[in-house]
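>>> Let's see this in three dimensions:
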Amino acid sequence: AESALAKAGVRPGHVDLVVLAISDLAEYLYWDAAAAVQAAIGARRAEAVLMNQACSAGILAFDTVAGKLATHPDYETAVVVTANRVCEPYWDRARTGTSVSSDGAVAAVLRRGHPHCRWLVTEVITDGRYVDFMRMEVGGQARPFSPAGPKPEIRSLVDRMDAFFEGDGQAAYRFSTTMRARNRLVLERACERAGVPSGSLAKIIYLNDSISAFGGLAKELGIPLDRTNAELAMDHGHFGTADQLLCLERYLADGELRTGDTVALLSMGSGMHWSCTLLAV
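The predicted model follows:
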């Protein structure tokens, strides 16, 4: 956040809104990590909002900022921070997810009326039938942490799939098919709202998943693999909420995205949520 503000030439005291999007646990329970960021960067007059809707939160943050700017005419500047730090006692970096889990953070300064990288729309699909798929069984109100209790952990993907679908392979397959179809649907809805043909998108930046997941996504969307961020994903791994902004920054810095391009930030997160934000470069 400090680096982003310095790059934008914005003083912390001029920030009206701080949005922190995280996908894993914060440093402490009963603690507001967004307020901690607000204080740490010296944005004393800013409202702080914490978002924790898994890997979708970074994309949903744009919609949250747009809503706050719409309802608060005096708000001019927001800072969005997307951050991931794996809680290793509960999460195996190599086994728990579908790709290697990485640590990192990206921040963006959003300003009312700014001419570049303009937010166009955000679309979300939520299906709560799958809400239990990713949950950790120990540590909440239902089963608090206990020295004599079971070890708190998120089980491997294969184990979770088998438990959630009770060994029904066909149900698990239908779920996988649904996940890909919902990615396409939420992208189509965003393009329709923005009046942007999906075929004109310069880049579709998805969460940093496995190469097989990117292959399935490209096939579902009917696009070549190089219009996605598959290559960067293989280089860096999955940063939770920060994937899309990390890749976007790299493409902008390398000149791969230019003024006039429209880019889609696409994600899927436990809940389940499918989300898409369109930006006009």
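>>> how deep is L17 tucked in, by neighbour count?
Residues lying near L17 (other CB atoms under 10 Å) number 22. C-beta here means a position set from N, CA and C on the backbone, and glycine is covered the same way.
>>> and the residue lying closest to it once chain neighbours are set aside, what pLDDT?
In this structure, L17 finds its nearest non-sequential neighbour in A78, 3.9 Å apart by CB to CB, 6 or more residues apart in numbering. On pLDDT, A78 comes in at 98.
>>> Okay, and A78 sits in which element?
strand 77-84 (DSSP states H and E).
>>> So in this structure, which helix runs the longest?
helix 169-194 (DSSP state H).
>>> So what touches the helix or strand that it is followed by?
As assigned by DSSP H and E, the chain's next helix or strand after helix 169-194 is strand 203-205. With CB atoms under 8 Å, 6 or more residues apart in numbering as the test, strand 203-205 has contacts from 187, 217, 221, 223, 227-229, 243-244, 247-248, 251, 256-257, 261, 263-266.
>>> In helices, which of those appear?
Filtering those for helices - DSSP H - leaves 187, 217, 221, 243-244, 247-248, 251.
>>> picking up where we left off before, in PyMOL, how would I select just the buried ones from the contacts of strand 203-205?
Command for PyMOL that selects the buried part of the contacts of strand 203-205, burial taken from 16 or more other CB atoms under 10 Å:
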select buried, resi 187+217+221+223+228+229+243+244+247+248+251+257+261+263+264+265+266
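>>> now the angle from the one helix or strand in the chain whose mean pLDDT sits lowest to helix 169-194?
When each helix and strand of the chain is scored by mean pLDDT, DSSP states H and E, helix 157-164 comes last, with a mean of 81. Calculated by axes from the mean of the first three to the mean of the last three CA atoms, to 10 degrees, helix 157-164 forms an angle of 100 degrees with helix 169-194.
>>> tell me the strands in this structure, going along the chain?
Per DSSP state E, the chain carries strands over the ranges 17-22, 47-51, 77-84, 104-111, 118-126, 203-205, 262-269, 273-280.
>>> a markdown table for those strands, including distance to S3?
Formatted as a markdown table, the strands of the chain follow (distance: least, CB to CB, whole Å):
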| stretch | distance to S3 |
| --- | --- |
| strand 17-22 | 15 |
| strand 47-51 | 19 |
| strand 77-84 | 11 |
| strand 104-111 | 7 |
| strand 118-126 | 21 |
| strand 203-205 | 21 |
| strand 262-269 | 20 |
| strand 273-280 | 20 |
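>>> out of these, which comes closest to G149?
Among the strands of the chain, strand 17-22 comes nearest to G149, with 25.4 Å by CB to CB.
>>> List the contacts of the closest one.
Here strand 17-22 makes contact (CB under 8 Å, 6+ apart) with 1, 33-34, 37-38, 41, 43, 46-52, 57-58, 60-61, 64-65, 68, 72, 75, 77-84, 240-241.
>>> Please save the CA atoms from it in CSV.
What follows is strand 17-22, C-alpha atoms only, in CSV (Å, rounded to 0.1, in the frame of the first residue of the first chain):
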residue,chain,number,x,y,z
LEU,A,17,-11.1,4.3,1.7
VAL,A,18,-8.9,1.3,2.4
VAL,A,19,-10.1,-2.1,1.3
LEU,A,20,-8.1,-5.2,2.3
ALA,A,21,-8.8,-8.5,0.5
ILE,A,22,-7.3,-11.6,2.0
